[in-house]
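# Below: sequence and its predicted model.
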Amino acid sequence: MALDPLPLFLWCTGLTVAYVGCLYVYPATRPSATVFRDDVAVIKARVVVISITSVLAVVVAGAVGGAPIADAGRALYLWPLPSAGLVLRTAVAPTLLLFAGPVLLRLSEPRELAVDARSAVSWIGLRNYIVGPLTEEIVFRGCMVYLHLLAGVGGKRTVLTTPLYFGIAHAHHALEVYLADPRALKFALISAAVQFVFTTIFGWYAALLLVRTGSVWVPTAAHALCNSLGVPHLGALPGPVWRTHAYRAALVGGAVGFRYAVGPLTAVGRSLV
């Protein structure tokens, strides 16, 4: 079954609206001046609605492509599960190279590592490192890459196009910032723009991993690792000047290493195109 460009755009837009829109259906999850995304009750409610929405997205995308419900997981790259070695090679290794600066920074701050470890076993950790990465990769990579390839879109265009939906989906965080403090409209808009750029760039990387490996679990692992490391800091670091120089050298060296290593590391004979 093939999709024309307009239906493809409408299906992907619908998936984006559904993923974000499900947060606005119930008062317990809807952003407001009293609903904060890091409150445990809010996280619990959002985990439920996002998980249900993601399962439905798999069923719908599979049905659009003519895949029976029983085969939707395999069709959308959720099955079979990759080995730990494959995930380490194709997701962890290139991501650590790309984020060499933040990795170095984390290793130089044991207290931050301890904070990360405690956060990982909290509800915030469940959202940031498991539910968020998995559901976002299922919808914005698995479903959308599947639909694009089904429509005959080439691999390069699929990698470049699908992350735009992912970037747009994160713009709603600006509303949360504004509702928390209406005086912060300018900051909310700047924050939305920065998030769009960063999430789109990450989306290119994640889409590349999926297309190269044929498994949604690979970009999910990279996504969780990126969430733990955060957005790379580009300014000067506190402390002696050599610390900033070492950090920037790691950023540049890691980016160069990533450029030349990501191809061989992800060449596992399971490419989708």
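Looks like it came in fine.

# all contacts plus neighbour counts: C-alpha atoms, from now on.
OK.

# And the strands in the stretch 101-250 of the chain, which stretches?
Counting by DSSP state E, counting those that start in this stretch, the stretch 101-250 of the chain has no strands at all.

# so where's the protein uncertain?
1-2 (pLDDT under 70).

# Counting residues, which helix of it comes out longest?
helix 185-213 (DSSP state H).

# which other helices and strands contact it?
helix 155-169, helix 173-180, helix 217-229 (3 or more CA pairs under 8 Å, 6 or more residues apart in numbering; DSSP states H and E).

# Tell me the buried residues in that helix?
For helix 185-213, the neighbour count (16 or more other CA atoms under 10 Å) marks 188-189, 192-193, 195-196, 199-213 as buried.

# How about stretch 225-240?
Buried, per 16+ other CA under 10 Å, within stretch 225-240: 225-226, 228-229.

# Might you quantify the distance of that stretch from its chain's geometric centre?
18 Å (CA atoms, centre = their mean, to the nearest Å).

# could you pull out the helices for the stretch 1-150 of the chain?
Per DSSP state H, counting those that start in this stretch, the stretch 1-150 of the chain carries helices over the ranges 5-21, 40-64, 72-75, 84-87, 93-98, 100-107, 110-120, 123-126, 132-136, 144-150.

# Return stretch 86-97 as CSV; C-alpha atoms alone will do.
The C-alpha trace of stretch 86-97 is given here as CSV (Å, rounded to 0.1, in the frame of the first residue of the first chain):
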residue,chain,number,x,y,z
LEU,A,86,24.2,-4.0,19.1
VAL,A,87,22.7,-1.2,21.2
LEU,A,88,26.0,-0.4,22.8
ARG,A,89,27.7,-0.2,19.4
THR,A,90,25.1,1.6,17.5
ALA,A,91,23.5,3.9,20.1
VAL,A,92,25.7,4.3,23.2
ALA,A,93,29.1,4.5,21.5
PRO,A,94,28.3,7.2,18.9
THR,A,95,26.2,9.2,21.4
LEU,A,96,29.0,9.3,23.9
LEU,A,97,31.3,10.6,21.2
